[in-house]
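J.: Quick one, what's the 3D model for this:
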Amino acid sequence: MMKRQISCLLLAVLLLLTAAGCGKAESSRESDDGEEEKIQIGMSFDSFVIERWQRDRDVFVSVAKELGAEVNVQNANGVVEEQKKQIDYFIQKGMDVIVIIAIDPASLRESVAKAKDAGIKVVSYDRLVDNADVDLYISFDNEMVGEMMARALLAEGLDGGNVIMIGGSPTDNNVPLVEGAFKRVMNKHHVGILDSIHADNWRAEEAAAYIYNNSDKVSQADAIMCGNDDLATQAVRALAETRQAGNMLVVGQDADLAACQRIVEGTQVMTVYKPVERLATRAAEEAVALAKGEEIAGEDVTLIDSGIYRIPYIGLEPISVNRDNIDEVIIGSGFHLKEDVYLNVPGQMPE
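T.: Okay, the predicted model is just below:
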């Protein structure tokens, strides 16, 4: 009887210790040496072909590190299947949050569902994975981008003229938002859209190919709306070969250095500057908050419909940049250096 009582007592003690250990594991992340583990964030980029993405990456990683998180950055190089593998890898590694710069949002809905089933928070960065239960979509106001492009052309006298649209990837859900807003303004001012094409995977060389292969349409156009500055770079180079650069109104977005140089040179009318430091900083802050189980909150946070889901959305405001404000906005903010912007026109460099 005594042996049975001792056995029962030992068993009860063992069960209590086991339960206590389980409760501790669930309440905090701790390493084997008892230190609290850092928040783990997985970040999958479309590619780094577009100049701005490297800035986004560097700022996001730096801010996340300051907030006590580690970021595993992966580059899918524009390959959807590779991006799916990266997300699967993040799920297997038990990341707290996965941040996705989607190549093809529609193709990643199942990947988002897998991450959510595993209890991982998901952030759609700059491009929305629609019809998916993401925890946050953070971007710039893309409709405002399109409106800014249109109004910049109108300010140059395009009212009643003709424009060609060379857009970005058709799988990028930001593209129809930008183009829709651009077309609405153009229609109000009786601007004819001679043609509209899209560059698959944002391949900039397709802009140059269009200029070379459609000389008749290009000769009838007064302006070219480019989906980003990388496309504008190739378009202007092709125009230069036919001595049309500077006579054709060209707009883009992202404030790439080459675009800023063209603005002061006179071969590009404007670009849309999107302060990626603000976007990446805010995204990193919200990702860490999500990892801690905190709610997304703030005066600029709204809920939007994404298919069957209503998701938190933060839309930051872009800035239209032209020859009149480039010194203040681009150089004054430190986004590009003065000597780099005015590299090809040193005589016009401001004091």
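
J.: For the stretch 1-150 of the chain, just list every one of the helices.
T.: Assigned by DSSP state H, counting those that start in this stretch, the stretch 1-150 of the chain shows helices spanning 2-27, 52-66, 80-92, 109-117, 142-155.

J.: Same check on the stretch 251-351 of the chain?
T.: Under DSSP H, counting those that start in this stretch, the stretch 251-351 of the chain gives helices at 257-265, 276-291, 326, 338-341.

J.: would you list those helices in a markdown table and tack on mean neighbour count and mean pLDDT?
T.: Where you see a C-beta, it was placed from the backbone N, CA and C, and this is true even at glycine. Below are these laid out as a markdown table (neighbours: other CB atoms under 10 Å; pLDDT from 0 to 100):
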| stretch | mean neighbour count | mean pLDDT |
| --- | --- | --- |
| helix 257-265 | 21 | 97 |
| helix 276-291 | 21 | 96 |
| helix 326 | 22 | 98 |
| helix 338-341 | 14 | 96 |
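
J.: Let me know which of those is the nearest to G227.
T.: Comparing the helices of the stretch 251-351 of the chain against G227 with CB to CB, the closest turns out to be helix 257-265 (12.4 Å).

J.: elements contacting that closest one?
T.: Under the contact criterion of 3 or more CB pairs under 8 Å, 6 or more residues apart in numbering; DSSP states H and E, helix 257-265 touches helix 229-241, strand 270-273, helix 326, helix 338-341.

J.: Determine which stretch of the ones you listed is the most buried.
T.: Of the helices and strands packed on helix 257-265, the one with the most neighbours on average (mean count of other CB atoms under 10 Å) is strand 270-273, at a mean of 27.

J.: so what strands line up beside that one?
T.: strand 249-253 (parallel), strand 319-321 (antiparallel) (DSSP bridges).

J.: For the residue most central in space within the chain, which non-adjacent residue is closest in space?
T.: In the chain, the residue lying closest to the centroid (CA atoms, centre = their mean) is D126, at 3.1 Å. Distance criterion CB to CB, 6 or more residues apart in numbering; nearest residue to D126, sequence neighbours excluded, is S139 at 4.8 Å.

J.: and the helices of the stretch 251-351 of the chain as a markdown table, adding distance to A223?
T.: Putting the helices of the stretch 251-351 of the chain into a markdown table (distance: least, CB to CB, whole Å) gives the following:
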| stretch | distance to A223 |
| --- | --- |
| helix 257-265 | 14 |
| helix 276-291 | 26 |
| helix 326 | 19 |
| helix 338-341 | 23 |
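
J.: Which one, of the ones you listed, ends up nearest to I166?
T.: helix 257-265 (14.1 Å).

J.: now what about that closest one, what contacts it?
T.: Helix 257-265 has contacts (CB atoms under 8 Å, 6 or more residues apart in numbering) with 51, 229, 232-233, 236, 250, 252, 268-271, 321-323, 326, 330, 336, 340-345, 348.

J.: Over to stretch 246-253?
T.: Against stretch 246-253 from outside (CB under 8 Å, 6+ apart): 145, 149, 152-153, 156, 158, 178, 218, 221-232, 235-236, 239, 259, 262, 266-272, 274, 318.

J.: what bits of the chain have low per-residue confidence?
T.: In the predicted model, the chain carries pLDDT under 70 at residues 1-36, 351.

J.: how's it carved up into domains?
T.: 39-140+276-316, 142-274+319-348 (automatic domain parsing).
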